[in-house]
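Engineer: Kindly generate the corresponding structure for this input.
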Amino acid sequence: MTATGTTTVPLTLSEGVLLHGEQFAKKLGAVSIGDVQVDLPLVPDKVSSNELARVLLATALLELEACGSLKLAMQHRKTLFGLRKVSVLELSAGLSHEVLPEGSLEARILQAVQQLNRASDLPDLIALLVPLSHQPRLDVVNFVKEALARRDLLEVQNTKMLGLLPVRKYTATKVTLAYTAYASPQLARDRLTACETQRPEVWRALVRGIETGLDRQTKSNDSSLD
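Structural biologist: Down below sits the predicted model:
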């Protein structure tokens, strides 16, 4: 399966979600326990990195499923010596050879699926996709921003917060604005809503798997490895 290369689609659906993040994540104040605010390229709003990361991953996974590059299937397994059953979402490579923008979240997911080379649970995929860090959800958002910047679809300004902390600010270019029609936020909303309403078991397992995977990749502040 080819995950990257020359493509006629300049933006993926998850990248459209990032550009219109105010439509998918709540606005967030400067101080919020357990969450971090993120800037958006098109509007001055700052939104929840927790919510935006979850929607970015869900959108990318469902879009890959829709184009046939990824299979999502519910599996029912027995635990506790067969006394209890649990339902998990299993991922495996699809038959489609989709060509995706290099570095996009969708391309990274397909590369992780190839690396696993077997049907896998979502948290296992996220462990390959997102490094262990103090803020893995913020890392997911930054993956998408950085991929767009490398393709010259976002401009990067390096500044310092309070004159001390280095900060990278991403803003849209004229080219980005011209390409937004390729990744309509309405299409992303339709994809998410269809899964939630028509396949509620898959939707619940998808959200649960994303959150479990990101929780596992969250490094404790009191870690002795720091």
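
Engineer: in the protein, which ranges drop under the pLDDT threshold?
Structural biologist: Along the chain, segments meeting pLDDT under 70 span 1-8, 31, 80-82, 160-165, 221-226.

Engineer: hmm, who's touching whichever strand or helix holds residue 215?
Structural biologist: Secondary structure from DSSP states H and E places residue 215 in helix 200-216. Contacts of helix 200-216 with the rest of the structure, by C-beta atoms under 8 Å, 6 or more residues apart in numbering, involve 53-54, 57-58, 61-62, 72, 74, 87-89, 121-127, 130, 136-137, 140, 195-196. Where you see a C-beta, it was placed from the backbone N, CA and C, and this is true even at glycine.

Engineer: same thing but at 6 Å, please
Structural biologist: 54, 57, 58, 74, 89, 122, 123, 126, 136, 137, 195, 196 (C-beta atoms under 6 Å, 6 or more residues apart in numbering).

Engineer: Confirm that residue 30 sits in a strand.
Structural biologist: No: assessed with DSSP: H, G, I helix; E, B strand; the rest coil, residue 30 is coil; it does not lie in a strand.

Engineer: pretty sure residue 88 contacts residue 74?
Structural biologist: No: with contact defined as C-beta atoms under 6 Å, residue 88 does not reach residue 74; the gap is 7.5 Å.

Engineer: ok, and for the helix holding residue 215, which residues are buried?
Structural biologist: Buried residues in helix 200-216, defined by neighbour count with 16 or more other C-beta atoms under 10 Å: 202, 203, 205, 206, 207, 209, 210, 211, 213, 214.

Engineer: Also stretch 61-74?
Structural biologist: Neighbour-count burial for stretch 61-74 flags 61, 62, 63, 64, 65, 69, 70, 72 (criterion: 16+ other C-beta under 10 Å).

Engineer: Okay, the first one and residue 20: tell me how far apart.
Structural biologist: When you say that, I think you mean residue 61. 18 Å (C-beta to C-beta, to the nearest Å).

Engineer: The third one now?
Structural biologist: Using C-beta to C-beta, residue 63 is found at 15 Å from residue 20.

Engineer: do the same with the fifth one
Structural biologist: From residue 65 across to residue 20, the span is 21 Å (C-beta to C-beta).

Engineer: gap between stretch 170-180 and the chain center?
Structural biologist: Distance of stretch 170-180 from its chain centroid, counting by C-alpha atoms, centre = their mean, to the nearest Å, is 20 Å.

Engineer: buried stuff in that stretch?
Structural biologist: 170, 172, 176, 179, 180.

Engineer: and the gap between residue 42 and residue 149?
Structural biologist: 14 Å.

Engineer: More neighbours: the two, which one.
Structural biologist: In this view residue 42 and residue 149 are compared by other C-beta atoms under 10 Å, and residue 149 has more residues nearby, 19 against 15.

Engineer: tell me which element residue 114 falls in.
Structural biologist: Assigning secondary structure by DSSP H and E places residue 114 in helix 105-116.

Engineer: Could you list the buried residues of that helix?
Structural biologist: Under 16+ other C-beta under 10 Å, the buried positions of helix 105-116 are 105, 106, 107, 108, 109, 110, 111, 112, 113, 116.

Engineer: From the contact counts, what lies against that helix?
Structural biologist: helix 49-66, helix 122-129 (3 or more C-beta pairs under 6 Å, 6 or more residues apart in numbering; DSSP states H and E).

Engineer: All good on my end, thank you.
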